[in-house]
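Visitor: Mind folding the following:
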Amino acid sequence: DDEVRTLDVLESLLHSPDYNLVRALTAERALMLLLDGEFAAIALDIHMPDMSGIELARLIKQRRRTQHIPIIFLTAYFQEDKDVLEGYGSGAVDYLTKPVNPQILRSKIGVFVDLFRKTRALAAANAALEQEVQQRQAAEESLRQANNELESRVRARTADLLLANEELFAREAQLRLVTDYAPVFITQIDRQHRFKFVNRTYARRFGFEPHEVIGKHFTEVMGEELYRTVKPHLDAALAGQRVEFEAEVAYASLGARWVFVVHEPERAVDGSVVGLVAVTTDIT
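Guide: The predicted structure follows:
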C-alpha cells in the first residue's frame, strides 16, 4: 500500500510472533522483495500511483516463483462487477473493503499461512522421500554390482577349480600309469592297516584288480601270518619313523621270496601321521 498509515494498521492487526510481516510502499519495492524471499500471502491495495494493484498482481502471477502466492485485494472504493472480475482475473483470491474487519483479515491470512506451512512441510517430506528413494536405488545398484562381481568371481573360481580338477585328474592318471607298471609293489595304508591305494602289480600278484583291494584290511590280502611279521614295522611307520627291512614272504603262487620293504610315514598338512606308503621290491 502507498499509505504508511494503512500499513501501520495492517501490521498492528496481524502482529504475531508466528508471522514475519514485510511492508512495501511501491510496486517496484514489492517486486524486489518477492525476488528475495518466500511469502505465504500478499495483502495488496488496488489504487496505487504509477502501477495499480491489478497490474502488479498480473506481474506477480507471470513469474513462476511467485505465481502461486495468494493475493487479497484491499480497496476503499465500491467495485463494479467488471472490476471484481478483472481483479479475480489478475490472480486475486479475495477482496476486502477498507476499513478492514480485523477478524476477517486475521482469519483469511491465518488460512493462507497455515496452507503455506503445510505445503512447505509436504515439499520437505517429498524431498526427504525422494532422497530416501535415491539412496535406496543407490543401495540396490551397489548390491546389484556386488552380486555381479560375486557371480563373476564365482564363475572365475569355478573355471579355476575345473581346470585344477582336470590337471589333478591328469596327474593322477599319469601317476597311476607309472605306478601300475612299476616292477615293485606300491601300497598306501591308513592307521587302521587298511589299503587306501595299491598299484596294479601288487593287486594282480594276489589275484585282484586294484579297486578290489581298496578298503580291505592287510590280513584280508596278505594273511594273518605275514601280518604278524609286518605289523611291528607298520606300527613304527605310523609312529612317524621311516622303516626299511628285509623279510621272507611265502607267496601261494610263487613260494618263498625275499623282499626289501620301505615304509614311509604319510603326513597331513599339520604334520600328523595319517598313514604310510610301502614300497616292496623282490630281491630273491
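
Visitor: what about the strands in the stretch 101-250 of the chain?
Guide: Along the stretch 101-250 of the chain, counting by DSSP state E, counting those that start in this stretch, strands occupy 185-190, 195-198, 243-251.

Visitor: most tightly surrounded among these?
Guide: Comparing those by mean neighbour count (mean count of other Cβ atoms under 10 Å), strand 195-198 ranks first with a mean of 21. C-betas here are computed from N, CA, C, even on glycine.

Visitor: mean confidence score for that one?
Guide: What strand 195-198 shows for mean pLDDT is 94.

Visitor: swap in stretch 74-86?
Guide: Computed over stretch 74-86, the mean pLDDT rounds to 64.

Visitor: burial of residue 158, as a residue count?
Guide: Neighbours of residue 158 under the rule other Cβ atoms under 10 Å: 10.

Visitor: pLDDT at it, what is it?
Guide: Confidence score, pLDDT, at residue 158: 91.

Visitor: picking that back up, could the strands of the stretch 101-250 of the chain be laid out in CSV, adding distance to residue 259?
Guide: CSV is the format used below for these (distance: least, Cβ to Cβ, whole Å):
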stretch, distance to residue 259
strand 185-190, 8
strand 195-198, 15
strand 243-251, 5
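
Visitor: For residue 57, find the nearest of these.
Guide: strand 195-198 (99.0 Å; Cβ to Cβ).

Visitor: Neighbouring strands - and their directions - for the closest one?
Guide: Strand pairing for strand 195-198, using DSSP bridges, gives strand 185-190 (antiparallel).

Visitor: Among the strands of the stretch 101-250 of the chain, which comes closest to residue 283?
Guide: Nearest to residue 283 among those is strand 243-251; the distance by Cβ to Cβ comes to 7.1 Å.

Visitor: any weak-confidence spans in the stretch 1-150 of the chain?
Guide: 77-92 (pLDDT under 70).
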